[in-house]
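*Asks:* Here is a sequence together with a model predicted from it:
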Amino acid sequence: MPAHANSRASGGRPRAAASPPQAGAVLVTGVCGRLGKHLVRVLHRERRVVGVDRRAFADKPKDIEHAQVDLRRTKLKDVFRAGEIQAVVHLGVMHDPRASAADHHSWNVAGFGKLLEYVAQFRVPKLVVLSSANVYGPQPSNPQFLTEDAPLLGGQNFSDIRDLIEVDMLAQSFFWKLPETETVVLRPVHILGRVHNAPSNFLRLDPVPTVMGFDPMTQVIHQDDVVRAIERALAPGVRGVFNVAGPEPVPLSRLIKILGRQRVSVPYSLARIALHRLWSLRLTTFPPPELDHIRFVCMVDDRRARQVLGFAPAKTLEETVRSVDDGRW
């Protein structure tokens, strides 16, 4: 996601690849999102999975349990009481930029606080939180690669990231509040695939708008590789904060070229005015602060994930980028 990840939290831990699979049920929040559905379809092959989401899960595999529960409600406690939960994977972060600040805070921060309360009460051995490299924020002064100790500045110009930063920091504080729970915070770069998130939706545009005079280096990761990183994080003995990256960084223009899209460059001042207007008319899903992501660099150093988790992306750059069109037509 002072606002720093503590580097000691993951130092000297064994590689996840060398550890045996952990027994017991895995509780996954936000299970009805596209990434959540993909994750549980992978996990349920070897482990019992309990999915929590206030939305319906009509197409769930038969052996996956689904609790249609709001994280903020006390019914969540019944899931922990009955489920013999050995690990929790938290994906249930609201990313709707049109939701109010109060709704964001209530769902993301208060809901996560309730989840932490039950993880502590029921002494769950493992907690994995999916954060984002966006917590660092695209900045003109960023170094080429940001480590896990870099300040979390993503909320300076983009208020919707502030809740994600708070969730990230709450998870970090949980390291020390309940050290017997192995807490892992994953900060993946831009996730691409069938998911309906800002990076994938942006690359589905045609033509793809860019800011004149800017062609920032960009890191992306395939949704399948994010699932693999979560699997690694679930291994016993792993804890800490990890930047998770995919294939080699490339300029934004290279991503557009791989997709065969047209590219239209617009002066920043004009792009910001136009985006403000489109946003106010509800003709776009991209709020104006998103422009910083196609102007400035926000790349991460993922050496810790490679060394401690034993993680390396399986998907090539071309596979990762082209995945935004999977099933589109």
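*Replies:* Yep, it's here. Remember, predicted model here, so these are calculated numbers, not experimental data.

*Asks:* quick one, longest helix in the chain?
*Replies:* Determined from DSSP state H, the single longest helix within the chain is helix 162-177.

*Asks:* Who are the packing partners of it?
*Replies:* Identification of packing neighbours for helix 162-177 by 3 or more C-beta pairs under 8 Å, 6 or more residues apart in numbering; DSSP states H and E yields helix 111-121, strand 126-130, strand 182-188. From N, CA and C alone the C-beta is placed, and that goes for glycine too.

*Asks:* got the CA positions of it in PDB?
*Replies:* Coordinates of the C-alpha atoms in helix 162-177 are reproduced here as PDB (Å, rounded to 0.1, in the frame of the first residue of the first chain):
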ATOM      1  CA  ARG A 162      -6.700   6.400   0.700                       C
ATOM      2  CA  ASP A 163      -8.900   3.500   1.900                       C
ATOM      3  CA  LEU A 164      -6.700   1.000   0.200                       C
ATOM      4  CA  ILE A 165      -3.700   2.500   1.900                       C
ATOM      5  CA  GLU A 166      -5.500   2.400   5.200                       C
ATOM      6  CA  VAL A 167      -6.300  -1.300   4.700                       C
ATOM      7  CA  ASP A 168      -2.700  -2.000   3.800                       C
ATOM      8  CA  MET A 169      -1.500  -0.300   6.900                       C
ATOM      9  CA  LEU A 170      -4.000  -2.000   9.100                       C
ATOM     10  CA  ALA A 171      -2.700  -5.300   7.800                       C
ATOM     11  CA  GLN A 172       0.900  -4.200   8.500                       C
ATOM     12  CA  SER A 173       0.000  -3.300  12.100                       C
ATOM     13  CA  PHE A 174      -1.600  -6.800  12.500                       C
ATOM     14  CA  PHE A 175       1.900  -8.200  12.100                       C
ATOM     15  CA  TRP A 176       2.700  -7.000  15.600                       C
ATOM     16  CA  LYS A 177      -0.800  -7.100  17.200                       C
END
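
*Asks:* Between helix 111-121 and that helix, find me the angle.
*Replies:* Angle, helix 162-177 to helix 111-121, by axes from the mean of the first three to the mean of the last three C-alpha atoms, to 10 degrees: 10 degrees.
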